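1. Pasted the sequence and its predicted model underneath.
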2 protein chains.
Amino acid sequence: MAEKNGRKILVAVDESDESGYALSWCLKTLSNSNDTLVLIYAVQPRPVYTAIDSTGYLFTADIIANMEILSNQVAQSVIDKAKKICSEFDDQITVEAMVETGDPRDVICEMADKLKVDFLVLGSHGYGTIKRAFLGSVSNHCAHKVKCPVLIVKKPKSNDAHH
Amino acid sequence: MAEKNGRKILVAVDESDESGYALSWCLKTLSNSNDTLVLIYAVQPRPVYTAIDSTGYLFTADIIANMEILSNQVAQSVIDKAKKICSEFDDQITVEAMVETGDPRDVICEMADKLKVDFLVLGSHGYGTIKRAFLGSVSNHCAHKVKCPVLIVKKPKSNDAHH
């Protein structure tokens, strides 16, 4: 049977090692040069710090501007790193990247449906320990909510590795 | 990049339409003739009905024997159907089948680890609505417990289908 043709695979990326592992695993084990990998990074919306409530906890406009800049830098850095992983592994595969603002749980599921991807790949954890405590597990949520098949990749602990 | 070579894919099968859909989806979208599909069906252990407690709810040995026969017939029928799906889709792919006794949540995870499969494919539901109520979701449990990547395939509702 011929190689599978032209699947569209959505891969959720973030700052975590798990996400890098999931992407590498997908490239190594599943995808081929006929596929399109769509990398998605969700920027969580900035909390509204600007309320004029005179509590003394306000951030200045400078700080908020810096937060925006940092957030964009982080997003770009995550996408760049993910693209580098792709090109190093398979320099012919088509890679698209998108940065969307919103709760990653919603953004990832919405985009999977909208783009009619064949399946979604994501690390089993991600978006950091602290954020996860607030968000609940992104992978868990997506596995329940998204319509397309979901592939959850765990980064093996060092003593689980087969090689 | 060449076709992926010789992955070992564990596919959990049961009586449900979801499981048939997950297997078909895997054959259509992921696997190729170089892979080995390992089909696993978990037979839930028979409850111990034979306790000699004289409550009047005892099953006779005949009934218990018939339960065993039926259980084996169901297992064989599920495996046969799954093999048929495989051979109709890809008559060159290597298919192995195993029937194991135990809680499907444990059996599937243990076998995935033991066989060192590349990934596990399973439907998002399965083992029936009634059994699920007792077991909790098999897919949910496996997604959390198993070490290898897990692909959860949902059967689209008829109005979700893209074609």
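-> Received it, and whenever you're ready, just let me know what you need.
2. Could you count how many residues lie near the closest residue to A:Thr29 other than its chain neighbours?
-> Distances taken as C-beta to C-beta, 6 or more residues apart in numbering or on different chains put B:Asp118 closest to A:Thr29, at 5.6 Å, once the chain neighbours are dropped. Using the backbone N, CA and C atoms, a C-beta is placed for each residue, glycine as well. Neighbours of B:Asp118 under the rule other C-beta atoms under 10 Å in any protein chain shown: 20.
3. how about B:Asp118, phi and psi?
-> Main-chain torsions, B:Asp118, degrees, to the nearest 10: phi -70, psi -40.
4. Contacts only, for it.
-> The contact partners of B:Asp118, taken as C-beta atoms under 8 Å, 6 or more residues apart in numbering or on different chains, are A:Thr29, B:Arg7, B:Lys8, B:Ile9, B:Cys148, B:Pro149.
5. Show me which of those residues are buried.
-> Neighbour-count burial (16 or more other C-beta atoms under 10 Å in any protein chain shown) is assigned, among the contacts of B:Asp118, to A:Thr29, B:Arg7, B:Lys8, B:Ile9, B:Cys148, B:Pro149.
6. Which two among the contacts of B:Asp118 are spaced furthest apart?
-> B:Lys8 and B:Pro149 (12.3 Å; C-beta to C-beta).
7. Secondary structure element holding A:Leu151?
-> For A:Leu151, the enclosing helix or strand under DSSP states H and E is strand A:150-153.
8. out of the contacts of B:Asp118, who's nearest A:Tyr21?
-> Comparing those against A:Tyr21 with C-beta to C-beta places B:Pro149 closest, at 9.8 Å.
9. Chain A versus the closest one, what's the distance?
-> For B:Pro149, the distance to chain A under the criterion C-beta to the nearest C-beta, to the nearest Å works out to 4 Å.
10. List the contacts of the residue lying closest to A:Ser71 once chain neighbours are set aside.
-> In this structure, A:Ser71 finds its nearest non-sequential neighbour in A:Val43, 5.6 Å apart by C-beta to C-beta, 6+ apart. A:Val43 sits next to A:Ser71, A:Asn72, A:Val74, A:Ala75, A:Val99, A:Glu100, A:Thr101, A:Gly102 when contact means C-beta under 8 Å, 6+ apart.
11. What about the fourth one, how many residues nearby?
-> Same thing as A:Ala75. Using other C-beta under 10 Å as the criterion, A:Ala75 is surrounded by 20 other residues.
12. any idea whether it is helix, strand or coil?
-> A:Ala75 falls in the helix class when you classify it by DSSP: H, G, I helix; E, B strand; the rest coil.
13. hang on, it packs against A:Tyr41?
-> Yes - taking C-beta atoms under 8 Å as the definition, A:Ala75 is a contact partner of A:Tyr41 at 5.4 Å.
14. Any buried residues in the helix or strand harbouring A:Val95, and which?
-> Using DSSP H and E, A:Val95 sits in strand A:94-101. Going by neighbour count (16+ other C-beta under 10 Å), the buried part of strand A:94-101 is A:Val95, A:Ala97, A:Val99.
15. Out of the helices and strands in chain A, which is least certain?
-> Least confident helix or strand of chain A, by mean pLDDT, DSSP states H and E, is helix A:129-135 with a mean of 46.
16. how close does A:Leu115 get to A:Val11?
-> Computed with C-beta to C-beta, to the nearest Å, the distance linking A:Leu115 and A:Val11 is 12 Å.
17. I meant A:Gly123, not that one.
-> 9 Å.
18. out of these two, which sits in the busier spot?
-> Applying other C-beta under 10 Å to A:Gly123 and A:Val11 shows that A:Val11 carries more neighbours, namely 29 against 26.
19. Next to chain B, which bits of chain A? Give me the list.
-> Neighbours of chain B within chain A, by C-beta under 8 Å from any C-beta of the partner chain: A:1-4, A:7, A:22, A:25, A:29-30, A:32-33, A:90, A:92-93, A:116, A:118-119, A:124, A:139-140, A:143, A:147-154, A:156, A:160, A:162.
20. Contacts only, for A:Tyr41.
-> Counting by C-beta under 8 Å, 6+ apart, A:Tyr41 makes contact with A:Ala12, A:Val13, A:Asp14, A:Ala75, A:Val78, A:Ile79, A:Ala82, A:Ala97, A:Met98, A:Val99, A:Glu100.
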